[in-house]
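> 3D model of this:
(chains A and B)
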Amino acid sequence: MQSPLDSRLQEAETQRFATQDWFAELRRQGWQQFSSLPLPKRTDEKWRFSDTRSLSLEHFCLAGVPSDEVVDRLIAQSHFISRPSGLLVHIDGHCVLRPALAPELATQGVKFESFEDALRHHPALLKEYILKHCAGLGGEKFLALHQAWLRSGTVLYVPKNVEIKQPFVSVHWTATEGVAIFPHTLVIAEDGAKVTLHDFQCSAEPQLRALAISAADLYAGKGATISRLAVQAWGLATQSFEIANTCGAKESLITSVNAALGARRARLENTIRIQGEGADVRLYGISVATGEQEFDQRTLQVHDAGNAKSDLLFKNVLLDKARTIFSGLIKVAPDAQRTDAYQTNRNLLLSPEAEADSLPGLEIEANDVKCSHGATTGQVNPEELFYLLARGIPLPVAQELLAEGFLEEVLAKVDDEEAAAVVREMFRQKFHS
Amino acid sequence: MADSLIIKNLNASIGDRQILKNFSLTIPKGEVHAIMGPNGTGKSTLAKVLAGHPDYTVQSGEATLDGQPILGQEPDSIARAGLFLAFQYPSEIPGVTIANFIRAALIARQEKGAPFDAKAYYAELYAKMDALKMDRKFTSRFVNEGFSGGEKKRCEILQMMMLKPKYAVLDETDSGLDIDALRIVSEGVNHMRGPSIGCLVITHYQRLLEYIVPDRVHIMYDGHIVHSGGKELAVELEAKGYDWVKKELASA
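Presented below is the predicted three-dimensional model:
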């Protein structure tokens, strides 16, 4: 049951949402935009250094509901942490596990639902929050495609002053050759709420060809706290795009950690919007790029309110002929005085054929700010390496230890130690693959 | 003399600077030898060359561990062959815990694929840390990162005790140590002394040799040994100073 992603199918699928006019309209707009926009070119400033030639959105399809055997097998592999507050599992864009929320959470008004369920149960909420920002960092065509086919994902809503300690977990799998999926993550933490979400993206088979165009919208209200861990572990024949928006109101605290392991190419566009005084938004990224993988990271830190802080650190380890691109911009509005904004990109090259490009930038219109940006790209420190070798540790193991140590600075920012250990182990497995 | 660390007519340089000049020394297993000498005479170069540091070029000569040649080998092979270098300035390894670091070094000495006994490992690690008066919290600290001088040297001795080398070269282990740390580190080394290990203690000062009493003392100057004697030589050198070495021994 596979059909190409054409206008006919788009309209037929959109008809399914006829009872939600606004949503059907949103999808149609997305399709129109997608159809009118060109594919990015290497000469586009926002795609500088990206391998635009190998971009391909052709020959992908929607997949039907997976078989029970596939569902059982992949659900069994979806228990990344032992006691989540809730676990949603999606396969090929279909939600296959949606257990009822614990009563103590439900009675407090917490919502943790698949996108389709949320669309039925809380359309006003979705209408207010989803896809409110244009992509802005170059991924307009991809976000339009996401909008055109949007139907799956995870919605997490935490009412005012509700604090939830145990993380929620959402897992997206691809299981069908040539599948295209468009997962959406929406997190809303109302004033004073506190919540953690882990997003995992995985492929049932490592060589499965797939297209994943994800979007995430994170909203932290006044004094709210959101922690998000996003683990991109697609198989190596996947093209992955994620466009994320993180909005912090007054005195909110948002921490996002993005771990990239999989995909042939993965582009992450992440915009931080500081919208209230005293907000503290932290955006971190780690990756290990091997083979001919390309990890393309584009970030924007927008300070529209003063007295606030944003901190960004992206660390990449590169092996073989892998490539990473980091392009970041800090934008401070004229009246966002007493802004603290930091942006750092560090790349560790373990192969002479690997290439890391870094494009840090500042655009500051306020005069009373503390902003810094920095980028370094280098090999392992030869004295550190010699120290490990001198203990009898063979070169490949020594390099791996140093690379793991290099990533540890970011893994330490994941406050769920169990999840940090899972990601640490995934990186370790990648070194050994 | 198969059970010895034997260095014969070793010539080594860094860049275009000749440092080791026909250096020869034999350390039988079970003995502790000390090398003393003024700064810049090549003591640390000797340690680094033996450990296989890539910055140094060996022109000629040989070095064998119990008959097994080590010059020209990769540093990790030399270490696994049984040579341990306690660094004068141990590197900080961010993000790598002491426990993981020593475990990786031990696994490298096991047969490939052999199971690692983590329980026995921690039991031994904790026992040795207790002996060195190191807080057990150190196991989860990153190697040498933010350590005081004394903590770094204790960490070196801890590694030596865990890896159980056949020969150990201790390069200026006393530098940066206060008297308490010096005593603890020396006790660690003395605890390891015995018929199954040979030690070469490199030091600038006689002070360390009051705690680690050597079987033989060698004076090094201008890239080779100019004088050897018993432990009393260290005291004589302390009294006469390095000018004595430069004026009398070097020209002899």
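> switch to C-alpha atoms for all contacts and neighbour counts from now on
Fine.
> For chain B, give me its nearest residue in the stretch 51-200 of chain A.
A:I81 (22.4 Å; CA to the nearest CA).
> now the helices for the stretch 151-252 of chain B?
Assigned helices in the stretch 151-252 of chain B, in chain order: B:179-192, B:207-211, B:232-240, B:242-244 (criterion: DSSP state H, counting those that start in this stretch).
> and of these, who's closest to chain A?
helix B:179-192 (17.4 Å).
> Now that we have the helices of the stretch 151-252 of chain B, can you turn them into a markdown table and tack on mean pLDDT, mean neighbour count and distance to chain A?
Formatted as a markdown table, the helices of the stretch 151-252 of chain B follow (pLDDT from 0 to 100; neighbours: other CA atoms under 10 Å in any protein chain shown; distance: least, CA to the nearest CA, whole Å):
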| stretch | mean pLDDT | mean neighbour count | distance to chain A |
| --- | --- | --- | --- |
| helix B:179-192 | 89 | 18 | 17 |
| helix B:207-211 | 91 | 17 | 24 |
| helix B:232-240 | 91 | 16 | 29 |
| helix B:242-244 | 86 | 15 | 31 |
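> how about a markdown table for those, with distance to B:L200 added?
Rendered in a markdown table, the data for the helices of the stretch 151-252 of chain B read as follows (distance: least, CA to CA, whole Å):
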| stretch | distance to B:L200 |
| --- | --- |
| helix B:179-192 | 11 |
| helix B:207-211 | 12 |
| helix B:232-240 | 14 |
| helix B:242-244 | 20 |
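> Quick one: closest of these to A:T52.
Of all the helices of the stretch 151-252 of chain B, it is helix B:179-192 that lies closest to A:T52, at 59.1 Å by CA to CA.
> next one: that closest one to chain centre, how far?
A distance of 14 Å separates the centroid of the chain from that of helix B:179-192, by CA atoms, centre = their mean, to the nearest Å.
> Next: stretch A:231-247.
When distances are taken as CA atoms, centre = their mean, stretch A:231-247 is centred 5 Å away from the chain's centroid.
> Show me what from the stretch 101-250 of chain B comes close to chain A.
Listed as neighbours of chain A in the stretch 101-250 of chain B under the rule CA under 8 Å from any CA of the partner chain: B:F101, B:A104, B:A105, B:A108, B:R109.
> For the last one, give its distance to B:M162.
When you say that, I think you mean B:R109. Here B:R109 is placed at a distance of 12 Å from B:M162 (CA to CA, to the nearest Å).
> what's the answer for the fourth one, then?
Using CA to CA, we find B:A108 at a distance of 13 Å from B:M162.
> Could I get the average pLDDT for stretch B:34-53?
Averaged across stretch B:34-53, pLDDT comes to 95.
> From start to finish, how long is that stretch in a straight line?
With CA to CA, one end of stretch B:34-53 sits 21 Å from the other.
> Over to stretch A:367-384?
Looking at stretch A:367-384, the gap from its leading to its trailing residue is 41 Å under the measure CA to CA.
> how about the CA coordinates for stretch A:330-343, as CSV?
The C-alpha trace of stretch A:330-343 is given here as CSV (Å, rounded to 0.1, in the frame of the first residue of the first chain):
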residue,chain,number,x,y,z
ILE,A,330,23.0,35.6,17.6
LYS,A,331,20.5,38.4,17.0
VAL,A,332,20.0,40.9,19.8
ALA,A,333,17.1,43.5,19.4
PRO,A,334,17.8,47.1,20.2
ASP,A,335,16.0,47.1,23.5
ALA,A,336,17.2,43.6,24.7
GLN,A,337,19.7,45.2,27.0
ARG,A,338,21.8,43.1,29.5
THR,A,339,21.6,40.1,27.2
ASP,A,340,24.0,37.2,27.8
ALA,A,341,24.4,35.2,24.6
TYR,A,342,27.0,32.6,23.9
GLN,A,343,27.6,30.4,20.9
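> mind listing what's buried in it?
Within stretch A:330-343, the residues scored as buried using 16 or more other CA atoms under 10 Å in any protein chain shown are A:I330, A:K331, A:V332, A:A333, A:A336, A:Q337, A:R338, A:T339, A:D340, A:A341, A:Y342, A:Q343.
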